[in-house]
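> Dropping a prediction and its sequence here:
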Amino acid sequence: MPSRQLLPHRRHHHHRSILLPLITATAASLLLLVLFLLFLRRRKRTSPSTTSNAGDDSKPPHRLSYTLLRRATNSFSSPLGHGGFGTVFSGTLPTPARTPVAVKLMDPTTTSQQGEREFHNELFFASVLRQSPHVVAAVGFSSDPKRRRFLLVYDLMVNGNLQDALLHRKCPELMQWNKRFSVALDIAKGVLFLHSCDPPVIHSDIKPSNILLDAEFNARIGDFGLARLKSDPNLDVLDGRGDFEKKKEGFLECDGGGVVVAVDDCETESVNTGCYFEEGSLGVDQSPECFVKVPNLETSPETSGAGVSASPEMAVTLAGAASLSPGFDKASSAQSEKGVKKNGKGMRSNSVRDWWWKQDNEEVAASGSGSNPVGESKTVKDYVMEWIGRDVDKERPKGEWVGGEGGQLGKQEKKKMKKKKSRKHQLEWWESMEEEKFDDVLKKEKRRPAREWWKEEYGEELEKKKKKKKKRKGLNSDDDDGNGSEWWVSDDVLYGDRNLKKAKSKSRNNRGGTDWWLEGLSGDLWRTRRNSFDSASGEIPKSGGVSSTPSMRGTVCYVAPEYGYSGDVSENCDVYSFGVLLLVIISGRRPLQVNGSPLSEFHRANLLSWARHCARNGKLVELVDQSIQSLDKDQALLCIKVALLCVLKSPARRPSMKEVVGMLSGELEPPQLPIEYSPSTPSRFPFKTRKKGR
Ligand SMILES: Nc1ncnc2c1ncn2[C@@H]1O[C@H](COP(=O)(O)OP(=O)(O)OP(=O)(O)O)[C@@H](O)[C@H]1O
């Protein structure tokens, strides 16, 4: 019996002896699993850049949570500046090691279409180009299309943008010639880096507010919202698909393309940065790198900027440029011309081009129908005219010019008064031009209104009149009447920009009487929205002008003239903008500036015209900012000459960025000015004998 009683107890004991180790083992393995997961999670957090491109430590931009960015910017409390698509705030990311950043928060009212597109574009290019020391690197982004929240995170450039640093005189360091020159060279190298990518990246909006300065005043190019890839003219012959399609397919086979990113400061997630060529569809796992090959920073002379070979060919090319023979830069210009022409047609066969094409058309359609997605009804023309009105009004002495005191006069009287006063002012203007001592010309010219000079400078109006006259006289319209307007004609006719001319005259036919003013403000000004406007100072720019929608792709005064007329975009457009920027850097003033000066200074208002005038009179040094310290005069003159080459009206005659960097860094022969800048060319500024004998 006792043995019977013991049995259940023994069995129970037996069970316990089996269960205990089992439970312990399970618990231990669970613990191990948890520890392992924690370890993995920690590893991911500390090394977020473990991706398919192992070994590359340049994995940003990472996806970051909105909450993290809100915290990092202290609820978006310290704005650094305002752009066309939102405000940029300073902040500090907790990892790694309290990184100072600039967070661009896209304005929800603009993120409907344009803003989102700009966000994608900027993110794409910032990812591709982040390796360059001359490009502002994007370190992260946050995107929540449902809530229309788009944020971009960049390295903080502590010295802000060049516009504020130089033109608002916020950085006295830039009064030193060395600093200014090195900024110019940095920008040139940056643009060269973009153009050296495969396919070349066209920034499309080179201007001072898009140049940012780090703590050591190294200049970096930012704001890639309008950047685009140059389409390859050869694509059309590649069995209808082209390189990009192939690259895209290639990428689909490449492993990953994803970037491991930190979310909400504690989670990790693998996402792809997306290839934003297909609007709205970011579903394809592609890395931007698969579309764009960036030059190798260590081996490429382009990116270092130091290795531009001073080959005899290059020197010859530049000499050719200088003498302005029609064969200037034959190889490269023929290439670029070809590229430009084919580009125009070549927007068909690949996704990249289709994407841009779509954008353009949508934009045109939107503006055409008056349904501006941004809700900005003013055209650039309105904006510029508004500015001109404001600025010129400032110059008018009170009670003069228009209507006398309180505007009490009748209409007729007002008119008479206006005429009288304006003549008086114009006379003062002519007479105060000390550097010109053409007294006899002055007498003859004294009745000419000031605005006529502007007309001449952008000579179309005059050309039209001339043609009409010639028609009446039965002369060949191509004959030169010796009135000095050949410079304009030669630039276009000699180098075959006939289409451009046609387009120009066509577009001008519809413009009003004040449009001569806008001729100087190159680019397509007719369907854009206002952007970056500094109303406080009454300047045309905050960012140097009016920017920046995909329909326009550029900023007034900085955008190349061919942009608006043909729509063709090539590296030459950036070269032009760089030329204007270089002049701005050397002269320390805006490209268009009337404020604060008497009317006698009116003729200097347009920097480009003024520079051309100085060149023709052999007085380039007048362009140099008077407040520069420790000036290297030769270097300054070199910069001006390079800038003048860059702003040549014919795209084909402009130097390439490689040549620009070569010339600026002294590795190529310094340029001589083209013939139209030579003193022997009859000066058309601002005096010109009238054809009519008096
Ligand atoms: N990484 C940065 N570090 C410091 N400041 C920055 C940085 N990025 C932008 N900013 C500041 O924010 C301003 C606005 O920049 P954003 O790129 O949005 O517009 P923008 O270039 O001025 O104008 P637009 O949109 O007309 O081109 C800049 O002018 C600059 O002063």
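That came through, no problem.

> Check the stretch 1-150 of the chain for the residue nearest the ligand and tell me.
G83 (2.1 Å; Cβ to the nearest ligand atom). From N, CA and C alone the C-beta is placed, and that goes for glycine too.

> Wait, that residue touches D223, no?
Yes. In this structure, G83 is within contact of D223 by Cβ atoms under 8 Å, at 7.1 Å.

> Please identify which helix or strand holds L37.
When elements are assigned from DSSP states H and E, L37 belongs to helix 2-46.

> burial count for I23?
Neighbouring residues of I23 were enumerated by other Cβ atoms under 10 Å; the total is 10.

> what separates L20 from S29, distance-wise?
15 Å (Cβ to Cβ, to the nearest Å).

> Next, the contact list for the spatially closest residue to V153 that is not a sequence neighbour, please.
Once flanking residues are discounted, V153 sits nearest to G140: 3.8 Å by Cβ to Cβ, 6 or more residues apart in numbering. Counting by Cβ atoms under 8 Å, 6 or more residues apart in numbering, G140 touches P60, P61, H62, R63, L64, L69, L93, V101, L152, V153, V261.

> avg pLDDT for the helix holding L37?
Helix 2-46 shows a mean pLDDT of 75.

> what do you get for stretch 570-582?
For stretch 570-582, the mean confidence score works out to 94.

> is the ligand contacted by that stretch?
No. Shown here: stretch 570-582 not in contact with the ligand (Cβ under 6 Å from any ligand atom), separated by at least 12.2 Å.

> From what I see, A219 and V191 are in contact.
No. A219 is beyond contact range of V191, at 10.8 Å (criterion: Cβ under 8 Å).

> follow-up on the earlier one: near the ligand too, which of the contacts of G140?
Taking Cβ under 6 Å from any ligand atom, there is no overlap between those and the neighbourhood of the ligand.

> Next, format those residues as JSON lines and append pLDDT.
Rendered in JSON lines, the data for the contacts of G140 read as follows (pLDDT from 0 to 100):
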{"residue": "P60", "pLDDT": "73"}
{"residue": "P61", "pLDDT": "82"}
{"residue": "H62", "pLDDT": "85"}
{"residue": "R63", "pLDDT": "88"}
{"residue": "L64", "pLDDT": "91"}
{"residue": "L69", "pLDDT": "94"}
{"residue": "L93", "pLDDT": "92"}
{"residue": "V101", "pLDDT": "95"}
{"residue": "L152", "pLDDT": "93"}
{"residue": "V153", "pLDDT": "94"}
{"residue": "V261", "pLDDT": "29"}
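
> Leaving out the residues flanking it, which one is nearest to L123?
Counting by Cβ to Cβ, 6+ apart, L123 lies nearest to F141, which is 5.4 Å off, once chain neighbours are set aside.

> dump the residue contacts of the one you found.
When the contact criterion is Cβ under 8 Å, 6+ apart, the partners of F141 are P61, H62, R63, L64, F119, L123, F150, L151, L152, V153.

> Would you mind listing the residues in contact with the fifth one?
Yep, that's F119 we're talking about. When contacts are counted by Cβ under 8 Å, 6+ apart, F119 touches F85, M106, T111, F141, S143, F150, L152, G225.

> Neighbouring strands of the helix or strand containing the fourth one in the sheet, and parallel or not?
Mapping F141 onto the secondary structure by DSSP H and E places it in strand 138-144. The strands beside strand 138-144 in its sheet (DSSP bridges) come out as strand 62-63 (parallel), strand 149-155 (antiparallel).

> buried residues in it?
Taking 16 or more other Cβ atoms under 10 Å as the basis for neighbour counts, the residues of strand 138-144 that come out buried are A138, V139, G140, F141, S142, S143.

> mean confidence score for that strand?
Average pLDDT, strand 138-144: 88.

> And stretch 609-625, by the same measure?
Averaged across stretch 609-625, the pLDDT comes to 90.

> before we move on, the earlier item: just grab the bridge partners of the residue of the stretch 1-150 of the chain closest to the ligand for me.
Beta-bridge partners, per DSSP bridges, of G83: G86.

> can you count the residues close to it?
Using other Cβ under 10 Å, G83 has 24 other residues around it.

> if I look at it, how far off is L69?
Computed as Cβ to Cβ, the G83 to L69 distance reads 17 Å.

> Also K146?
Here the distance between K146 and L69 works out to 17 Å (Cβ to Cβ).

> More neighbours: which of those two?
Set K146 next to L69 and count neighbours by other Cβ under 10 Å: L69 wins out with 23 against 5.

> Any part of the strand or helix carrying H120 near the ligand?
Secondary-structure element containing H120, defined by DSSP H and E: helix 114-128. No. With Cβ under 6 Å from any ligand atom as the threshold, helix 114-128 lies outside contact range of the ligand, at a closest distance of 8.2 Å.

> I'd like the average pLDDT over that helix.
Helix 114-128 comes out at a mean pLDDT of 81.

> now do stretch 180-200
When the per-residue pLDDT values of stretch 180-200 are averaged, the result is 94.

> in it, what's buried?
Along stretch 180-200, these residues count as buried under the neighbour rule (16+ other Cβ under 10 Å): 180-181, 183-197, 199-200.

> who's in contact with stretch 159-168?
Where contact means Cβ under 8 Å, 6+ apart, the residues beyond stretch 159-168 that reach it are 80-81, 170-171, 174, 180, 183, 207-215, 217, 219, 222, 541-544, 584-585, 588-590.

> what about that stretch, start to end distance?
With Cα to Cα, to the nearest Å as the measure, stretch 159-168 spans 13 Å from end to end.

> try stretch 187-206
Terminal-residue distance, stretch 187-206 (Cα to Cα): 9 Å.

> Stretch 617-625 too?
When the termini of stretch 617-625 are compared using Cα to Cα, they are 18 Å apart.

> got the contact list for that stretch?
By Cβ under 8 Å, 6+ apart, stretch 617-625 touches 435, 583, 586-589, 610-611, 614, 631, 633, 636-637, 640-641, 679, 683.

> please redo it, this time with the cut-off set to 10 Å
With Cβ atoms under 10 Å, 6 or more residues apart in numbering as the test, stretch 617-625 has contacts from 166, 174-175, 177, 180, 435-436, 583-589, 604, 607, 610-611, 613-615, 631, 633, 636-637, 639-641, 643-644, 673, 677-679, 683, 685.

> These in helices, which ones?
Here DSSP state H is the test, and the contacts of stretch 617-625 give 177, 180, 583-587, 607, 610-611, 613-615, 633, 636-637, 639-641, 643-644 as lying in helices.

> Tell me the buried residues within those residues.
Among these, those classed as buried by 16+ other Cβ under 10 Å are 177, 180, 583-587, 607, 610-611, 613-615, 636-637, 639-641, 643-644.
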